[in-house]
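Chemist: How does the following fold in three dimensions:
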Amino acid sequence: MSSPTPPRVRVYLGCSLDGYIAGPDDDLSWLQPPDDPTAPPADPASLGFEAFLDQVGALLMGRRTHDVVAGFGHWPYGDRPVLVATHRPLTPAAPSVRAVSGDIGALLDQGLAAAGGRDLYVDGGDLVRQALRAERVDTLTLSVLPILLGGGVRLFDGDLPRQALRFTGHHDLGHGIVQITADVKR
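Modeler: Here you go, the predicted structure:
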């Protein structure tokens, strides 16, 4: 009898080929596949986000990410607990959202506790980089879009420790989007 898989700290992001997760002024319009009348429309289920969220018990996101997502007009995370790392007063985008603060280790521990034995989704460039520096990320899923932004919010910016990865999956999502999943080797 095998033991259950322990909850993982996971990252799921879209990025440009040159490594940006947001354009200047937090522009995310480039994440939508370009209009191509000959291509079928992208099915959100085929992008894997819903299946990914089904495995997630809670989210830990940065304040900037919370504010950008709150501006979408709909809250995509349902009633999952969402912990927002901030030092400023927060007007939550949903009843399941609460502010947290502390070092990255404490934030990840709080997120894993809130996830109730399921995976923790870390979102937001700065928090993802902090979690990588702390060597606490277990899995990265990146959907790479065929665009060069040339500026904005970089995913892998600053000093990150060397970490060996093991690619566990890759998928052509259509519209030129390639999704890569990698586990951090420990």
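Chemist: Where does the prediction get shaky in the chain?
Modeler: When residues are selected by pLDDT under 70, those of the chain lie in 1-3, 33-47.
Chemist: In it, mark out all the strands, start to finish.
Modeler: 9-16, 20-22, 56-62, 82-85, 97-100, 119-123, 139-145, 153-154, 165-174, 177-184 (DSSP state E).
Chemist: Could you check how far the fourth one is from the centre of its chain?
Modeler: Okay, so that is strand 82-85. Distance of strand 82-85 from its chain centroid, counting by CA atoms, centre = their mean, to the nearest Å, is 13 Å.
Chemist: If you count contacts, what does it end up packed against?
Modeler: Counting contacts by 3 or more CB pairs under 8 Å, 6 or more residues apart in numbering; DSSP states H and E, strand 82-85 packs against strand 56-62, helix 63-70, strand 97-100, helix 104-114. Just so you know, the C-beta spots here come from the backbone N, C-alpha and C atoms, and that holds for glycine as well.
Chemist: Highest mean neighbour count out of these?
Modeler: Most buried of the helices and strands packed on strand 82-85, by mean neighbour count (mean count of other CB atoms under 10 Å): strand 56-62, with a mean of 22.
Chemist: That one pairs with which strands?
Modeler: As defined by DSSP bridges, the strand partners of strand 56-62 come to strand 82-85 (parallel), strand 119-123 (parallel).
Chemist: who's in contact with the last one?
Modeler: By that I understand strand 119-123. The contact list for strand 119-123, computed with CB atoms under 8 Å, 6 or more residues apart in numbering, reads 7-13, 52-53, 55-62, 65, 108, 111-112, 114, 128, 131, 137.
Chemist: Mind doing that once more with 7 Å?
Modeler: Residues outside strand 119-123 that contact it (CB atoms under 7 Å, 6 or more residues apart in numbering): 7-12, 55-61, 65, 108, 111-112, 128, 131.
Chemist: quick revisit: redo the strands of the chain as a markdown table? Include distance to residue 91.
Modeler: Converted to a markdown table, the strands of the chain look like this (distance: least, CB to CB, whole Å):
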| stretch | distance to residue 91 |
| --- | --- |
| strand 9-16 | 25 |
| strand 20-22 | 21 |
| strand 56-62 | 15 |
| strand 82-85 | 10 |
| strand 97-100 | 9 |
| strand 119-123 | 19 |
| strand 139-145 | 30 |
| strand 153-154 | 22 |
| strand 165-174 | 34 |
| strand 177-184 | 33 |
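Chemist: No more questions from me, cheers.
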